[in-house]
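**Q** Structure, please.
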Amino acid sequence: MNRELLPSESKRDCRIISEFRVRTILSKVLSDDRKKLLVLKTFLNRTSDSVFITDEKGITLDANRKFEELYGWTREEVIGTMMPMTLESLALASASSERSELRDSIDLQGLKRHRKDGRTVLVDVAVAPVRDDEGAVFAYVIIETDVTGQRRAEEKLKESEERYRILIDTLPEPIVVYQDNMLVFANPAAYQSMGAEHPSQLLGLDISSFVDAEDLERIVADEIDPIKQPSTDNVIRIVRFDGTVIQVEFSAAQIEYEGKPAMQFLCRDITEQKNAADKLAAKERELSRILKLSPEPIVLTQSGVITFLNDRAIQLLRGTCASQFVGRHILSIFSESQHQILEDRMRRVVESEEYMEFIELKLLPLEGEAIDVEAASICVRKYLEQPVVQIVIRDLTDRKRAEEMIRRSEKLSIAGELAAGVAHEIRNPLTALRGFMQLLRARNTDYVDIMLMEIDRISFIVNEFIGMAKPQALRFVECDLKQLIESVMTFMQPQALLFNVQMELKVAGDMDKPLVECEPNQMKQVYMNVLKNAIESMPRGGKIEISIADDMDGYLLTRIVDQGVGIPEERLGKIGEPFFSLKESGTGLGLMVCNRIVEAHRGKLNIYSVVDKGTTIEIALPLRAIS
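**A** Here you go, the predicted structure:
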C-alpha cells in the first residue's frame, strides 16, 4: 500500500525537484555559452585578420594567432601590456577613442604599427567598442588588416605612372590618343609639332581636320582603319595650324584609355629627313646619269657581283644591254690567269680607303678576242653592308698600236745610227777574208778557222738586225739575264769602239744564273737603248759598268753606270717624256718605250745623274729563280 505523503515531505520534494530543474537549466545555458566561446575562439584564430582585445585603458586582454604572425609577439607576451605605436598612430588612436564614445565603431586606414623586430607595418584598423548593459564601454575589439604590400604596390604604381607621365611629357616625339573618332590626348610635343599653343586646341578634333586630303583619301581607299589594325606603319602629310605641311611617320598600337578601347599613335616628324632623301635621290639620279654617259667604261660591283654598267662599258664588252652582265661575277669578264690579281685588289680596295691605280688586264668580251685594257678601282660606298666598288676601264687597243709604231720607229732610228759602226765592223772581217783567200791561192794553210769565226760574227750581227726589225708577239719566257745582256753588249760593241768606250759586266758572286721571266726581244731593245745613250754620253771615251744583283725585295737589279756628261737636275724629271731629248737629233721616244716595256714586265726603271760625273740607270725586274 502506498503511504500518503505528509505536507512537510511534499514541500521538500518540490524544492528538490525545482532545484534540480534550475541546476539542469543553468548547466544547459552555461554549456551553450562555452560552445559559443569555443566557436568564437576558433573563428578568431582562423581569420586572416589580426584581432586583439583591450580594456578601456588600452591594456591588451587577448589576441589571436594572426596577431602573433603579423607582429611577432606571442599572445602571452602582449596580454597585460599596451601595444606599441608610432606617434602618428597614437594621435589617431586617441582621436578614435574620443569618437568611439559617440558611435559604435570607427575605421582607420594606413595606420603604422611597430613589430617586435622594429619594422613597421601598415594596417587598416576597425575599432569596435564593447559596452555593458548600462552602455558604458569596458573593452575594445581591434581588427587589423595588413595592407603593407598593397600600399607599396600602390606607391610603386603611382611612381610608375608619374615616370610614364614625365616620359610622355618630355618625349620629343609627338604622342596622341585617338578614341571615338576624335583626339582625346596629346603630349606637349604633339601640339608643338602642330603649331598649337595648348593641347586643348587639338583635343576633340577629328583626324580629317589635319590630315592632308590626298592622304586621307588614300587611307580610305586602302580601307586602313587604325582601330581595326593595331600595328600600322605609314607616312602621311599633316597640315599644321599655320597652314604649313609636314611629313609624319607614325606607328599605332591598340590600348585602353579610361576604360574604353583607343588607339595610341607615336609620331615622328620626318620632313627634313624626307627632303634630304629627295635631294639625295635627285643627286643619285644625276650621278647615275653622269656615270651612264661617261666616256670611260665604268662597272659597279657589290661582293664581286656586277650591279651596274654604263653604256661605254656595254659597248666595250660588245653587248647590247646591261642585263647581259648584271648579276655576273666581275671575274667572268677578265682573263682567268688574272683572277688572283683581281681578287687581291678587290679585297684591298674594300679594306682601305686608297685608290687602286691602273693595271693592265685582258678583258673578255661576249664576242671576239680578248681586249688589252687597264683598270683602276675605288670603294665608293664603304658604309654599306656590301660595299660598292667602282671599276674604271680603259681600252688600250689604240695605245698599244701607237706604242708598237713608236717601238718600230725607235728600232729603225737605232738601226740607222748603228749603220756606220756596223758597216765598219763588217768591212774589217771582209778585209781579213779577202787577204786570207789570196793566201790560200799560194798554199794550203790553217786559216780556215779564223775565216769561219769572222763569218759567224757577221752572221750574228745580221741576225740581230733581222730580229729587231721583225714584229714580235708578247710571249714571256724564262731567260738568263746575263746571257741576254752579253748578246746586247756584243751587238753594241762596234758603236762602243767608235766612241772609245769599254763595257764591263759583273754578276753577284752568289748568282750562277740570274733568271727572269720576260719577252727577250723587248728587253734587248731596253738594254740596247740604255747602252746606246750611255755610249753617246761619253764623246771622249770612258767605261760603262754593268752589274746584276738581287736587291732582296724580290727583284733582280741591273745597274748601268757610265762616266758621261750627266743630266742637269732640272731636266731629270722630264726624261722619258715623248719628244723631250738632250740630243740634237733625239726624239725622246727611246726612254719612253723603255719605261713602257719595263712596266709591262712589272718592273721599275730609275735614273740617277750628277753633271760631269755620269749617270746611273737601274732596271729592276721580278725575280724568277736563282740556282
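**Q** which residues in the stretch 401-550 of the chain form strands?
**A** For the stretch 401-550 of the chain, the strands defined by DSSP state E, counting those that start in this stretch occupy 477-480, 501-507, 514-518, 542-550.
**Q** so which of those is the most packed in?
**A** Of all these, strand 514-518 has the most neighbours on average by mean count of other Cβ atoms under 10 Å, namely a mean of 22. (C-beta placed from N, C-alpha, C; glycine too.)
**Q** and stretch 258-274, how far from the chain's centre?
**A** 31 Å (Cα atoms, centre = their mean, to the nearest Å).
**Q** got the buried residues for it?
**A** Applying a neighbour-count criterion of 16 or more other Cβ atoms under 10 Å, one finds 262-265, 267-270, 274 buried in stretch 258-274.
**Q** any low-confidence regions in the stretch 101-250 of the chain?
**A** Residues of the stretch 101-250 of the chain that meet the criterion pLDDT under 70 lie in 101-105, 218-233.
**Q** thinking again about what came up before, could you dump the buried residues of stretch 258-274 into a markdown table and include secondary structure and pLDDT?
**A** Converted to a markdown table, the buried residues of stretch 258-274 look like this (DSSP: H, G, I helix; E, B strand; the rest coil; pLDDT from 0 to 100):
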| residue | secondary structure | pLDDT |
| --- | --- | --- |
| 262 | strand | 86 |
| 263 | strand | 83 |
| 264 | strand | 83 |
| 265 | strand | 83 |
| 267 | strand | 84 |
| 268 | strand | 84 |
| 269 | strand | 85 |
| 270 | coil | 86 |
| 274 | helix | 82 |
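**Q** Of those residues, which is the nearest to residue 190?
**A** Nearest to residue 190 among the buried residues of stretch 258-274 is residue 267, at 7.1 Å by Cβ to Cβ.
**Q** So what sits opposite the closest one in the bridge?
**A** residue 250 (DSSP bridges).
**Q** Likewise for residue 605?
**A** In this entry, residue 605 is beta-bridged to residue 619, by DSSP bridges.
**Q** follow-up on the earlier one: columns distance to residue 299 on top of the buried residues of stretch 258-274, output as a markdown table?
**A** Formatted as a markdown table, the buried residues of stretch 258-274 follow (distance: Cβ to Cβ, whole Å):
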| residue | distance to residue 299 |
| --- | --- |
| 262 | 55 |
| 263 | 50 |
| 264 | 50 |
| 265 | 46 |
| 267 | 43 |
| 268 | 39 |
| 269 | 40 |
| 270 | 35 |
| 274 | 32 |
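**Q** Shouldn't residue 591 be within a strand?
**A** No: judged by DSSP: H, G, I helix; E, B strand; the rest coil, residue 591 forms no part of a strand; its state is helix.
**Q** Leaving out sequence neighbours, find the closest residue to residue 504.
**A** residue 545 (5.5 Å; Cβ to Cβ, 6 or more residues apart in numbering).
**Q** OK, contacts around the one you found?
**A** Residues near residue 545 by Cβ atoms under 8 Å, 6 or more residues apart in numbering: 504, 506, 559-561.
**Q** how near is it to residue 210?
**A** Going from residue 545 to residue 210 by Cβ to Cβ, to the nearest Å gives 91 Å.
**Q** bridging residues for the residue nearest to residue 205 when sequence neighbours are not counted?
**A** Of all residues not flanking residue 205 in the chain, residue 183 sits nearest, at 5.3 Å (Cβ to Cβ, 6+ apart). Judged by DSSP bridges, the bridge partners of residue 183 are residue 178.
**Q** pretty sure residue 183 contacts residue 203?
**A** Yes: counting by Cβ atoms under 8 Å, residue 183 does reach residue 203; the two are 5.6 Å apart.
**Q** Looking only at neighbour counts, state which of the two leads.
**A** residue 183 (20 against 16; other Cβ atoms under 10 Å).
**Q** do you know how far the more buried one is from residue 46?
**A** Residue 183 is 54 Å from residue 46, by Cβ to Cβ.
**Q** do residue 276 as well
**A** Applying Cβ to Cβ, the value for residue 276 to residue 46 is 73 Å.
**Q** What segments of the stretch 1-150 of the chain are strands?
**A** So, for the stretch 1-150 of the chain - with DSSP E, counting those that start in this stretch - the strands run 50-55, 60-63, 106-114, 120-131, 137-146.
**Q** circling back: what is the nearest of the buried residues of stretch 258-274 to residue 139?
**A** Among those, and counting by Cβ to Cβ, the member closest to residue 139 is residue 262, at 54.5 Å.
**Q** Tell me how far that closest one lies from residue 185.
**A** Distance, residue 262 to residue 185, using Cβ to Cβ: 8 Å.
**Q** Common neighbours of those two, please.
**A** residue 177.
**Q** tally of neighbours for residue 282?
**A** Residue 282 - counted by other Cβ under 10 Å - has 10 other residues nearby.
**Q** which residues of the stretch 251-400 of the chain score low on pLDDT?
**A** If you take pLDDT under 70 as the line, the stretch 251-400 of the chain has these spans: 293, 381-385.
**Q** so where do the helices sit in it?
**A** For the stretch 251-400 of the chain, the helices defined by DSSP state H, counting those that start in this stretch occupy 271-293, 311-316, 339-351, 397-442.
**Q** what comes up buried for the shortest one?
**A** For helix 311-316, the buried set under the neighbour-count rule, 16+ other Cβ under 10 Å, comprises 311-314, 316.
**Q** Quickly name whichever of these is closest to residue 74.
**A** residue 313 (96.4 Å).
**Q** so how far is residue 106 from that closest one?
**A** Taking Cβ to Cβ, one finds residue 313 at 95 Å from residue 106.
**Q** swap in residue 483?
**A** 124 Å.
**Q** So for the two, which residue has more residues nearby?
**A** Using other Cβ under 10 Å as the criterion, residue 483 and residue 106 rank with residue 106 on top: 20 against 12.
**Q** doesn't residue 140 make contact with the more buried one?
**A** No: using Cβ under 8 Å, residue 106 is not in contact with residue 140; the gap is 9.9 Å.
**Q** picking that back up, which stretch among the strands of the stretch 401-550 of the chain comes nearest residue 401?
**A** When those are compared by Cβ to Cβ, strand 514-518 sits nearest residue 401, at 22.0 Å.
**Q** May I have the strands that pair with that closest one, each with its orientation?
**A** strand 477-480 (antiparallel), strand 614-626 (antiparallel).
**Q** how far out from the middle of the chain is the longest one?
**A** Centre-to-centre, strand 614-626 and its host chain are 44 Å apart (Cα atoms, centre = their mean).
**Q** again, but for the first one
**A** If you compare the mean C-alpha spot of strand 477-480 with that of the full chain, they lie 47 Å apart, counting by Cα atoms, centre = their mean.
**Q** one step back: quick one, which of the strands of the stretch 401-550 of the chain gets closest to residue 235.
**A** strand 514-518 (62.6 Å).
**Q** looking only at pLDDT, what's the mean for that closest one?
**A** Here strand 514-518 scores 87 as its mean pLDDT.
**Q** Ok, stretch 537-545 next?
**A** 90.
**Q** Tell me where the stretch 451-600 of the chain is predicted with low confidence.
**A** Ranges of the stretch 451-600 of the chain meeting pLDDT under 70: 451-474, 573-574, 576-589.
**Q** run the last query once more with 80
**A** Along the stretch 451-600 of the chain, segments meeting pLDDT under 80 span 451-475, 509-512, 551-553, 570-593.
**Q** Domain map for the chain?
**A** As assigned by automatic domain parsing, the chain contains the domains 47-147, 171-274, 294-395, 400-626.
**Q** would you list those domains in TSV and tack on distance to residue 284?
**A** Below are those laid out as TSV (distance: least, Cβ to Cβ, whole Å):
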stretch	distance to residue 284
domain 47-147	66
domain 171-274	15
domain 294-395	11
domain 400-626	36
